[in-house]
Structures are given as C-alpha cells and as structure tokens.
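Novice: structure of the sequence below:
(one chain, ligands or ions: 2)
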Amino acid sequence: MTSIISITNSKGGVGKTTTALNLGMALVSEKKRVLLCDNDPQGNLTASLGYIPAEQSHALANLLLAAIDYPEDLELHLGRTIIHTDSGLDLLPANRRLADAAARLQVMQLSQYNAVGEVNRACEKVMSVLLEQLQDQYDYIIIDCGLKHELLTVNALAASDYCIIPVQAHFLASEGIPDVLELVKSVQAKFNPNLKIAGILLTMYQSRPQLCQSVKASVSEVYGEDFHVFQRPIEYSIKVAECPAAGQSIFEYAPKNAAAESYRSLAEEVLALG
Ligand SMILES: Nc1ncnc2c1ncn2[C@@H]1O[C@H](COP(=O)(O)OP(=O)(O)OP(=O)(O)O)[C@@H](O)[C@H]1O
Ligand SMILES: [Mg+2]
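Specialist: Ligands and ions are numbered 1, 2, ... in the order given. Below you'll find the predicted structure:
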C-alpha cells in the first residue's frame, strides 16, 4: 500500500519544500521506495535536487494535462517524467508550466457544474487519477505544495492519506494554521473523507531565543489537544539553508547536523503511521 502525504501550509517560506526533501530522504534510508512530487510552479523541490526546472520538458504539468485529455496515454507520460535521482529518491519535477495546468483546472471547474456524476473527471481529482497509476510502485509519495494555486493544493489533499503542516517557530507564523485547517476540512467533506492530519511540525527552531520556546508552547497549547504536534522541532541551521544550492538533502550535505537527526525523528513518526 502506498501512503500519500501532502506537505502544506497557506504561509510561505515555512519549510514545506525542505521538509518534503528531507523526510523523503530519511524514508529512503529506511529502505522505503519514495516518490517526491513537486506540486509548486516555483519548482523549488526540483531545484533542491539539482535539476533546473525550466529545462524539464516533461513535468507534472504534462501529466495533469494528459490525465485530463488523454488518460489512456498517462502511463507513457509517467515513464518519461519520473526522474530516478542518484540519491535513491524518485522525482516528479515541476516548473512554471504547472501554473498553466492550474489555469486549465480552473476552466474545468467553471464548466463542471453540468457534468453530474463524473467523479473522476472532476477538476479536484485529477491528481488522484494520476497517482493511482503509481499505486504499489512506491511506499510513500510526498507532495510538496505551493501557495498560489489553491486547486493544485486541493488536488494534492484530495489524493492524500495524510498531510503534514510545517510551521516556522517565529512570531505570528502560526497564523497560517487556521486557513490550512479550514482547507483540509473542506477537502475531507467534499472529496476525501480518508484524509488525516499527521501533525504540525515546528521548523527553523532555535532553542536559545525565548521566542521559539513560546511559539512551541503556544502551538501545543492551542492545537495540541486536537492535533498531533511532532515530537522534535526541526532546528534552524545555516547548513539546511545551504542544501538547495548543493542540490542535496541534509543527510548528504551535513549528516551530523542536528536537523538531520530531527528529520530522522519525523520519519520514525511517519513510519509509525503505517
Ligand atoms: N531548518 C532550517 N534552517 C535554516 N534554514 C531553513 C530551514 N528550513 C528551511 N530553511 C530555508 O528557509 C527558506 C524557506 O524554506 P522552504 O523553501 O523549505 O519553505 P517553503 O515553505 O517551501 O517556501 P515556499 O512557500 O516559497 O514554497 C529556504 O531558503 C530554506 O533553505
Ligand atoms: Mg516550497
């Protein structure tokens, strides 16, 4: 069985892409078969693995469009698009053309009110149709969500078993949580009753400033009763910030860094989800 996990938050720069990459890598080192899906037209996850988004002639956008227009050709497109990286992770890359695919989904949304009963043709389920083709080829599919195109995030959540919500341990950063919880609730009600929140993950955590500790305490206090807060926050480290330029995960770039240990701890909790 494949577990599909979306990494999402309605706030930018909180560590979504960093978490997708390093959680994926931690799972690979546990001998799991992992596909990372870059679901952001910025293509940051693609770039973090050392690939130039604009140079990818086959990317997630092509797959979404094929799933809409030529579902019978999807398997062929998947074979061309998935990159087997040297690190053992597989990648579905993204680039700016994903914004065009998002626009196409929006056009579908405007016209689909008449298409009663065609659940698999719904604009919110295109990614589900696509990822279904990969069922059983992977133990984990991790989807890195962007900010701008809500339909892309809705598609990711509609296809997912779990979502992880990274929250930067800074003042006001937890303000993004209510929006993402509302979106998850709406997807659960309309498209995917099986979607569960795996937990809230504190990122860029520094133990010294009082501020980080008070954000940690307030997130636990406000959300801890209803949602899991992952045991170990991800430490702030300049080494983590340097990783994307090297095209590597923290496990390759600085394996002894505290953040590597934290991502390992996150992976253990994810493995325990089953
Ligand atoms: N633990 C960390 N320590 C230091 N820097 C970090 C850490 N985690 C992420 N960063 C850096 O913070 C920036 C934002 O991280 P990231 O790109 O993962 O966030 P994001 O939520 O995916 O952003 P976006 O909303 O733009 O997609 C990046 O430059 C990244 O390298
Ligand atoms: Mg990102």
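
Novice: would you map the strands across the protein?
Specialist: 3-7, 34-39, 83-84, 90-92, 140-145, 162-168, 196-203 (DSSP state E).

Novice: mean neighbour count for those strands - can I get that in CSV?
Specialist: Quick note: C-beta positions are derived from backbone N, CA and C, even for glycine. Below are the strands of the chain laid out as CSV (neighbours: other CB atoms under 10 Å):
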stretch, mean neighbour count
strand 3-7, 25
strand 34-39, 27
strand 83-84, 12
strand 90-92, 24
strand 140-145, 27
strand 162-168, 25
strand 196-203, 22
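
Novice: make a markdown table out of these and add distance to residue 28.
Specialist: Converted to a markdown table, the strands of the chain look like this (distance: least, CB to CB, whole Å):
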| stretch | distance to residue 28 |
| --- | --- |
| strand 3-7 | 14 |
| strand 34-39 | 5 |
| strand 83-84 | 12 |
| strand 90-92 | 9 |
| strand 140-145 | 9 |
| strand 162-168 | 17 |
| strand 196-203 | 18 |
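
Novice: for the stretch 151-274 of the chain, which segments count as helices?
Specialist: Secondary structure of the stretch 151-274 of the chain by DSSP state H, counting those that start in this stretch: the helices cover 177-190, 210-223, 238-246, 250-253, 258-273.

Novice: quick check: which ranges of the stretch 151-274 of the chain have low pLDDT?
Specialist: Scanning the stretch 151-274 of the chain for pLDDT under 70 picks out the ranges 171-173, 209.

Novice: beta partners of the closest residue to ligand 2 within the stretch 51-200 of the chain?
Specialist: Nearest residue of the stretch 51-200 of the chain to ligand 2, counting by CB to the ion: residue 144, 5.9 Å away. Under DSSP bridges, the beta-bridge partners of residue 144 are residue 7, residue 38.

Novice: picking that back up, of the helices of the stretch 151-274 of the chain, which is nearest residue 84?
Specialist: The minimum distance between residue 84 and the helices of the stretch 151-274 of the chain falls on helix 250-253, with 16.2 Å, by CB to CB.

Novice: which of the residues in that closest one are buried?
Specialist: By neighbour count on 16 or more other CB atoms under 10 Å, the buried set for helix 250-253 is 250, 251, 253.

Novice: which residues of the stretch 151-274 of the chain lie near ligand 1?
Specialist: 203, 204, 234, 236, 237, 240, 241, 244, 259 (CB under 6 Å from any ligand atom).

Novice: so which of the residues you listed is surrounded by the most neighbours?
Specialist: Among those, the one with the most neighbours (other CB atoms under 10 Å) is residue 234, at 29 neighbours.

Novice: pLDDT value on the residue of the chain found nearest ligand 2, please?
Specialist: Residue nearest to ligand 2 within the chain: residue 17 (3.3 Å; CB to the ion). The per-residue pLDDT reported for residue 17 equals 98.

Novice: likewise for the one 5 residues further on?
Specialist: The predicted local confidence for residue 22 comes out at a pLDDT of 98.

Novice: could you find the closest non-adjacent residue to it?
Specialist: Distances taken as CB to CB, 6 or more residues apart in numbering place residue 263 nearest to residue 22, at 4.1 Å, with adjacent residues excluded.
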